[in-house]
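In: With the input below, show me the fold.
(chains A, B and C)
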Amino acid sequence: MARVVVDPLTRIEGHLRVEVEIGADSKVSDAWVSGTLYRGMETVLKGRRPQDAFYVSQRICGVCPISHGHASTMSAEDTYDLTIPNGARLVRNIIECAQYLHSHVLWFYTLAALDYVDPLKALSADIAATYDLALAVAGKYAPAGFDVRVTDFGAVQKRVGEFINAGLNNNRLSIFTNGWLGHPAYPSEMPAELHLIAVAHYLEALQVQAEASQIIGIMGGKFPHFMTSVNGGTTFVPTEEKLDDVLYRLMKVVDFVNNVMIPDTLAIAPYYAKDYPNEGIVSSAAYGAGCKNYLAWGVFNDPSFELTKRYLPGGVIKGLDLAAGVIPGLEDPDPSKVMEYVSRSWYDSADGLNPSDGETSAKYVDYDVNGKYSWGKAVRYDDLPMEVGPLSRMLVAYLRDTEMQWPDGVRTPKQLIDLTLGALGSELGLTGPVPLAALQSLLGRVAARNLETAFVADLSVASVLELVGYVKEGDVKWFEPHSVSDGKGVGMWEAPRGSVAHWMTVEGGKLSNYQVVAPTTWDIAPRDKEGADAVRGPIEESLIGAPVMDPERPMEVVRIVRSFDP
Amino acid sequence: MAHGNHDALYSQLAARGVTRRDFLKFCGSIATLMGLAETAIPQIAAAVEAAALTPRAPALWINGGACTGCTESMAQGMTPDVATVVLDLLSLNYFETVMMAQGGPEMIPGYQEGVVEAKPELTAEGAIKTMLEEGGYILIFEGTVMTGFGGNALRIAGKSQTEELPEICKNAAAIVAVGSCAVDGGWVAARPNPAEGKGIQQFCKDEGIATPVINLPTCPVNPEWVVAMVIDVLLLGQLESGAILDKLDDFGRPSLIFGQTIHDNCPRRGHFENGEFVYEFGSAEEAKGYCLYAVGCKGPQTFTNCPIVRWNDGASWCVESGAPCIGCGNANPLSPGGNWVDVGAPFLNRMPDLPIAGTTFQPSTIGAAVGAVAAGALLVHGIGMKVAGRMDGGAPYEDVRAHDRKKGGGK
Amino acid sequence: MAHPAHYREAHPMVFVLTHWINLIAMVSLAFSGFYIHYPFFAGFMGVARGMHFFFMFVLIINLTFRIIAAFFVKSAVSLGSREVDTDIKNWLPQKANRHQFLAWIKYYLFMKKDHPLGAKYGVLQKIAYIATVPLTFVMAYTGFSIWGPTMDWSFFSAGAGWVGGYMYMRVIHYFLMWVFIVFTAIHAYLANVEGFAPSGLIFAWKESEGLHFDKEGNPAGGKAH
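Out: Purely as a prediction, here's the structure:
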């Protein structure tokens, strides 16, 4: 038995501590995830105007401010019983799409890639072979009609080589300082050329994620933290000139997603979907599933504004176990079933409150995994921990596939998943596709995010075209004038990393209560009560059974945690 | 600079797909940011060339109580892009959101027996320790300094951040506070400041640390400003000479960036002077791009060059997207109560809500109430005067002043 | 009833003019100020701002002139008297104002039946007229602190820093306007509530007969000489 702590767990938004117990079989036997920052957003908003919540509450998260902003305006609009005009729906959808594209590209390349790709190995790649491999990957997975992108792999290798040589012995390795370069968890079978391709795309992705956020810049004023989706609609009035700027950038991003990101995923995934017993490596498809309950509020409104008809629809799946063939019925999401528990968190408010009557009363005591150990509340749905995020959304969309009205020209989540499982099956030399059950794993969670990126890329183009059609019709409306009225409301939405909801109570024109359940709140949730029958949070649960090759550098642990994009 | 070095630099740049023209454009944008004339471009180019050929300057990017928005914003810079910043300009040995390393060596009370203590050279915390010994680095601080709950509002590596922060600040050559949270606490310090947040300059003052602080407010920070400051500090040698500190205003901000209001440079200023205003979002006035003053734009008292530098590689900025400025560049480093949220909210009103007796009021409500009370009092008094029969010439005069009578004096 | 005579010596012509200028400037400033605070109709901002700056300078120059003139121009030492002395002596507290503060408050609250004998002005009136001077200069200072061309002069920006930023300086400027509005309302009310003779004199330089007072502000009876 050994204890391993990773604190801070880097390459995520915010500050996170993970503590695991490793059993004699070198597998994680218990885990504790601690949110280590308290700022008190909900307390700050009390007594302010509902109009201000949009601006302030999105600043909870600098990576997904768009989704928080949208959840906030929707909670105000729910309070006022207000429906936004169709023009505003489209503008908001496109801004949200752009954030998804930005966030998922940034996550895969900038945050997560270093867990699977070793820059050190890229240095030994043969440049000619790299081009051959890049052509082969593009030939197989980039959509027909696209040639391989022009990337100067030689220059990238030279740049990285010079960087490492110049920094190695004088403490100038910048962001690679003390990194786990050369970790044995990178399978040796993965060719150096593939490492180099990924490193080159790591650098290119930095440009692409910025292009995606420029779309938000144009339609939202700036990113991070945007300005236009005010209560009642949007302040942004699309003109031909602006739409043209948006579409130009969007096409570049969509091109990257389809011709680089998805092919990269399919090229790298096979090396992580295999066991390498000689190297002590276990397939990433074999662990990391977690609590197996999935929640999605749904995101991207269709004209009906119904949660279950959103283009990524809402739904709740309890106890899905595809490997065992257990596929429970899909439930429609209900915000009144959300409860927050604080007996293991640094709060002294009442246990089991629904956020519409929630309290935020912080009280710190010493960190103790047997007592209170996190600033995160234990949020539960129907008393169950829920995984949120791309995997949840893709599973819900998969199960709702036939009842959906998909927009023209998009590949549906089911199509994308089935295609990918088929491609992976042939890469691995299987007779058929990889079974759907592989989705319930570390690898499945990573794949789901990247496939969702492809779906959102299609949806974003469809949405811009829909907006162009709407503007063409001429009878445009972007904002619904309204007055502030008292009451309670909830806005449910999805950030790239998972379900987000804001609850507000307005009394006398001011906020008498404001509660946020952020995506990370769901996933990093600690245990919900004291004692042995306490239920672990989703990330904690997903760590159980994970192999740990090197307790000093628990790569598998950080991969799992990061796969939630907390 | 020797001709050979020029060639070396340009071949390096060419390897990155950067042309000589791109490079000079970059130098030009730096010149604009620093308020220098175009004639300064060769000087900047020389400085950048010198830096590109010398080892990366040591730096730490530390996140306090942050939303990571400033890191995100940094990644949106394109001239130069973030890769150039972290690979060529600076050696950011600690940068929590993008660094490869993670974790810290630590002992867990009660578990000492079986604890695996990672080697410092394999952890993120270890990277800080090495840099602390070396000293002389640039500290870029993002987010609020969290002092609430004995500093435990933010715990990193098993302890409160405020435990290690004084040493990190002390050993730095300069601190660049990026974003409003780092400058004065930002929204985190807004009433009632539940986690007792403050800016890094205030923190240094409280801890008696003399390291110079450069404040770059707005929420998040604009990446162009960070780059400009890094160039200023690093390349033009303005830290050693102290020149950079002379360029800071009363709020510790570089006055070349924060010396003029948004209103001064706003493209909609003409509509303001014409009295052409947006009174409601989505209106015909909005479609015409009229001035947003009447829906609460804080441009007139917000000192940033947003209309010139713009956001997201110049794609747009708040006002251009039809949204009134919310004054996120407001800065009060040594007075956390002056954060942009308390000063600017309600954002769609002209003036802030003032907290009085547990609730808040608009100044116009207070003014009108005072006016109404005065008018009412005069009306009542007038009725009294009428009733008392004093309307026509007032009451008869006393024959002797009351005071004189009491003294027994007077006439 | 008892009503003092109003002679031209109380307000020499030059002060009638400065009073007129004050009135016009203040009304213009208040109106344009309200408009700048919130443009309640379209198309006037440039004019409103022009008005505001113009009358701001008019008010300050006029007030400065009025103060200087107070040292050279002679005005009546008391109401209902033609006897004159240097105006500043009659503006600042006079001997007869002493110990009268409570008496005036009691009179205005109907707790004292007979009219207190003032000097040239009653105690509260003097306080108000003297306070107007620094108040106007403070008002001007707060205005310059939020006016583009001067807001970054360190003399003004220091003040903005001291009150917590330009926004709060704006709020103070706004509240001070209400102070002026309330002052003007009370001033106009008290000056006219017992008859319009004071207005006749200050606006139209029109004399009216009534009680006579000696140099000390005591009733002198009969006609003045």
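In: For the rest of this, base every contact and every neighbour count on C-alpha atoms.
Out: OK.
In: Start and end of stretch A:270-285, how far apart?
Out: Separation of the first and last residues of stretch A:270-285 by CA to CA, to the nearest Å is 10 Å.
In: Then stretch B:231-250?
Out: With CA to CA applied, stretch B:231-250 spans 22 Å between its terminal residues.
In: Mind checking the pLDDT average for that stretch?
Out: Stretch B:231-250 comes out with an average pLDDT of 74.
In: Also stretch A:226-241?
Out: Per-residue confidence for stretch A:226-241 averages out to 95 on the pLDDT scale.
In: Buried residues of that stretch, list them for me.
Out: With burial defined by 16 or more other CA atoms under 10 Å in any protein chain shown, the residues of stretch A:226-241 counted as buried are A:226-238.
In: Same question for stretch A:423-442.
Out: A:423-425, A:427-428, A:433-434, A:437-442.
In: Now do it: everything it contacts.
Out: With contacts defined as CA atoms under 8 Å, 6 or more residues apart in numbering or on different chains, stretch A:423-442 is touched by A:266, A:269-270, A:284-290, A:292, A:321-323, A:391, A:418, A:421-422, A:444-445, A:447-448, A:559-560, A:563.
In: So which of the residues you listed are in strands?
Out: For these, membership in strands holds for none, with DSSP state E as the criterion.
In: Now do the contacts for C:H6.
Out: For C:H6, counting by CA under 8 Å, 6+ apart, the contacting residues are C:79-81, C:197-198, C:201, C:207-210.
In: quick one: which of those is nearest A:K222?
Out: Of all the contacts of C:H6, C:P198 has the smallest distance to A:K222: 61.4 Å, by CA to CA.
In: neighbours of the nearest residue to that closest one once chain neighbours are set aside, just the number please.
Out: Among residues not flanking C:P198 along the chain, C:A191 sits closest, at 6.3 Å (CA to CA, 6 or more residues apart in numbering or on different chains). Other residues within reach of C:A191 by the criterion other CA atoms under 10 Å in any protein chain shown amount to 15.
In: Point me to the helix or strand that includes C:A191.
Out: Assigned by DSSP states H and E, C:A191 belongs to helix C:166-192.
In: ditto for C:F34
Out: When elements are defined using DSSP H and E, C:F34 is found to belong to helix C:13-37.
In: Residues touching that helix, excluding its own?
Out: Helix C:13-37 is contacted by residues B:350, C:45, C:48-49, C:51-52, C:55-56, C:58-59, C:62-63, C:66, C:177, C:202-205 when judged by CA under 8 Å, 6+ apart.
In: Let's see which of these end up in strands.
Out: Using DSSP E, no member of those falls in strands.
In: Could you tell me which of the residues you listed belong to helices?
Out: When DSSP state H defines the helices, the subset of the contacts of helix C:13-37 inside them is C:45, C:48-49, C:51-52, C:55-56, C:58-59, C:62-63, C:66, C:177, C:202-204.
In: Which one of the residues you listed is nearest to chain B?
Out: Comparing these against chain B with CA to the nearest CA places C:M45 closest, at 4.4 Å.
In: how many other residues sit next to the closest one?
Out: Every residue meeting other CA under 10 Å relative to C:M45 is counted, giving 22.
In: Now do the same contact list for the closest residue to it other than its chain neighbours.
Out: Among residues not flanking C:M45 along the chain, B:G275 sits closest, at 4.4 Å (CA to CA, 6+ apart). With contacts taken as CA under 8 Å, 6+ apart, B:G275 has the following neighbours: C:39, C:42-46.
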